[in-house]
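> make a model of this:
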Amino acid sequence: NRSSSVNNSACPYKDPGNDKSKKGGGFMGCPVQHNKKNKNGITKYNEEEKQKKEALSYKNVYSQDISQVNNMPSQANQLPAPQQEEELSTERIPSTIPKIDGKDKWVYPSPQMFYNALVRKNKLDDDTTEEDMESVVALHNNMNERTWKQVLEWEKISGYNENCRLLKFMGRPSELSPKARLKHYLLGHPLPFDRHDWTIVREDGMKVRYVIDYYHDDTKSSEEEGSGMPSLTDKVESLLVDVRPAIDSPLEFYQRAIALPYALYLSKEKTELEILPLRPSPTLETQVEESQNVWENVINSKTTVEGQLPGEFKITKEEAKELAIHFGIALQECEASQNKVSNCHSDMECQQAALDVLQCYGKLWCPLQHKALLKSLNDTSEEGKFEAALDHLNMCVISTQSRMGEARIEYPTVWEKVPHIKED
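Numbering: from 1, shown residues only. I've put the predicted structure just below:
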């Protein structure tokens with residue numbers, strides 16, 4: 001029975017005390033950026049700056065190299081999350097969005113990577129399971145392709161060609177854009193369920209930031225078979241995408257105030273740019289309260305303390321019985337390993353004994369994470385992968401032990417009936 005405990009953890013693992021002396025735990029610093037601006041006040045992208053940033057990458061808590069160019073791991077985390085129960089696909093598909101080098105395309109996350117991201121960002125709730133990930137990733141990819149298409153339409157309206165490239169992107173779901181704030185508080189429009197900021201680089205090196213608000217119209221959701229698995233090019237009617245360049249300079253103000261109206265109403269060239277009305281439709285007016293609930297959940301997930309262990313959740317009697325059985329089996333099968341911990345002498349001997357106990361419990365309680373740990377032993381393709389797999393297994397075992405302790409307190413008579421349970 002899933003405990004749903006991952007919902008209260010913003011990070012799958014955090015060192016107690018945040019020990020920065022641990023390998024990979026410290027931040028190596030950020031270079032001072034001397035950005036160059038053209039006559040319009042727009043920052044130009046410099047290839048030399050890019051190379052300097054790549055050289056000065058840093059590591060996260062899993063000893064993964066993090067590129068300061070786009071804030072993304074150099075190696076993707078494809079390990080199962082601590083509380084994950086079902087195996088997920090690690091297959092990734094390429095997008096149509098060009099990277100900064102103009103040769104490669106951005107590659108979308110696998111279902112496993114997306115699941116890990118939800119856990120890390122504390123966005124995994126009771127209604128989201130491993131089985132949903134294929135559909136969630138398909139919708140995510142479709143939404144990004146649609147966003148890029150709108151960015152290209154804006155570039156055409158602004159008088160530029162479509163040879164721009166995506167430099168970086170940032171999710172800002174807890175920060176309302178000025179436009180979204182105006183639409184909601186003054187005009188009664190539902191709140192967006194997400195916000196992104198995308199920075200593109202034009203052919204002449206000019207950098208431009210785009211702001212994207214994502215809305216959902218539940219009345220347009222399709223119940224047809226296969227609707228939850230759209231292709232990259234399908235138009236999902238229930239997803240509403242509001243894309244526009246941020247007003248970071250007079251040029252962007254001109255594009256939104258002059259170029260856009262001209263393209264929509266005066267130009268002979270047809271544009272496929274989707275312009276969302278400021279006022280909500282009658283159907284959207286009925287969804288304001290729901291959007292506010294989603295917004296509150298986003299804010300609550302953001303304020304969750306990083307690294308905290310899973311919180312308390314109501315345990316059923318059936319789950320307590322299942323946990324008691326697993327605990328009894330572990331006491332019996334891991335007794336030899338536990339005795340090694342009790343009888344060890346040197347630090348090295350005790351560390352090895354503790355690792356043996358962790359693996360024994362992990363094999364019984366967290367088979368998916370244990371399998372990933374064994375697999376990482378022979379994987380030398382990514383630095384820090386074994387340490388990350390070990391952390392995930394450790395967190396899963398700790399979470400299970402915590403759950404067992406709560407069950408034993410809540411249903412003491414259930415535990416008394418299970419063999420191999422030793423009273424303290």
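
> residue closest to the middle of this structure?
residue 117 (2.6 Å; CA atoms, centre = their mean).

> who does the helix or strand hosting residue 355 touch, helix- and strand-wise?
Following DSSP states H and E, one finds residue 355 within helix 347-365. If contacts are counted by 3 or more CB pairs under 8 Å, 6 or more residues apart in numbering; DSSP states H and E, helix 347-365 sits against helix 317-333, helix 335-343, helix 367-377, helix 385-410. In this view, the C-beta of every residue, glycine as well, is placed from N, C-alpha and C.

> give the buried residues for that helix.
353, 356-365 (16 or more other CB atoms under 10 Å).

> one step back: closest one to residue 170 among the helices and strands packed on helix 347-365?
helix 385-410 (23.6 Å; CB to CB).

> on that earlier part again, can you redo the buried residues of helix 347-365 as CSV with distance to residue 397 and pLDDT?
What follows is the buried residues of helix 347-365, written out as CSV (distance: CB to CB, whole Å; pLDDT from 0 to 100):
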residue, distance to residue 397, pLDDT
353, 15, 86
356, 13, 88
357, 9, 88
358, 6, 89
359, 9, 89
360, 10, 91
361, 5, 91
362, 5, 89
363, 10, 91
364, 9, 91
365, 6, 91
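
> if we can go back for a sec, ok and the host helix or strand of the residue nearest to the centre of the chain relative to helix 385-410, angle-wise?
Applying DSSP H and E as the criterion places residue 117 in helix 111-120. Calculated by axes from the mean of the first three to the mean of the last three CA atoms, to 10 degrees, helix 111-120 forms an angle of 60 degrees with helix 385-410.

> list the contacts of residue 254.
By CB atoms under 8 Å, 6 or more residues apart in numbering, no residues touch residue 254.

> which parts of this structure are strands?
For the chain, applying DSSP state E gives strands covering 36-37, 43-44, 58-59, 65-66, 94-98, 105-107, 165-171, 194-201, 207-216, 239-245.

> of all those strands, which lies closest to residue 289?
Between the strands of the chain, strand 207-216 lies closest to residue 289; by CB to CB that is 13.6 Å.

> mind listing the strands the closest one pairs with, and their directions?
Take DSSP bridges as the rule and strand 207-216 pairs in its sheet with strand 194-201 (antiparallel), strand 239-245 (antiparallel).

> just to revisit the earlier point, and the helices and strands packed on helix 347-365, which is most packed in?
helix 385-410 (a mean of 20; mean count of other CB atoms under 10 Å).

> what angle separates that one from helix 367-377?
With the same axes, to 10 degrees defining the directions, helix 385-410 sits at 160 degrees from helix 367-377.

> quick one: mean pLDDT over helix 385-410.
Averaged across helix 385-410, the pLDDT comes to 85.

> now it, how far from the centre of its chain.
Distance of helix 385-410 from the chain centroid (CA atoms, centre = their mean, to the nearest Å) equals 22 Å.

> next, the angle helix 317-333 makes with it.
Going by the same axes, to 10 degrees, helix 385-410 is angled at 120 degrees with respect to helix 317-333.

> low-confidence stretches in the stretch 101-250 of the chain?
Confidence mapping of the stretch 101-250 of the chain against pLDDT under 70 gives the ranges 126.

> using CSV, write down the CA coordinates of the helix holding residue 355.
The C-alpha coordinates for helix 347-365 follow below in CSV (Å, rounded to 0.1, in the frame of the first residue of the first chain):
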residue,chain,number,x,y,z
ASP,A,347,35.1,2.1,11.8
MET,A,348,35.7,0.3,8.6
GLU,A,349,34.2,-2.9,9.9
CYS,A,350,31.1,-1.0,11.3
GLN,A,351,30.6,0.9,8.1
GLN,A,352,30.6,-2.4,6.1
ALA,A,353,28.2,-4.0,8.6
ALA,A,354,25.8,-1.0,8.4
LEU,A,355,25.9,-1.2,4.6
ASP,A,356,25.1,-5.0,4.7
VAL,A,357,22.1,-4.3,7.0
LEU,A,358,20.9,-1.5,4.6
GLN,A,359,21.1,-3.8,1.6
CYS,A,360,19.3,-6.6,3.4
TYR,A,361,16.4,-4.4,4.5
GLY,A,362,16.4,-2.7,1.1
LYS,A,363,16.2,-5.9,-0.8
LEU,A,364,13.1,-6.9,1.2
TRP,A,365,11.3,-3.5,1.5
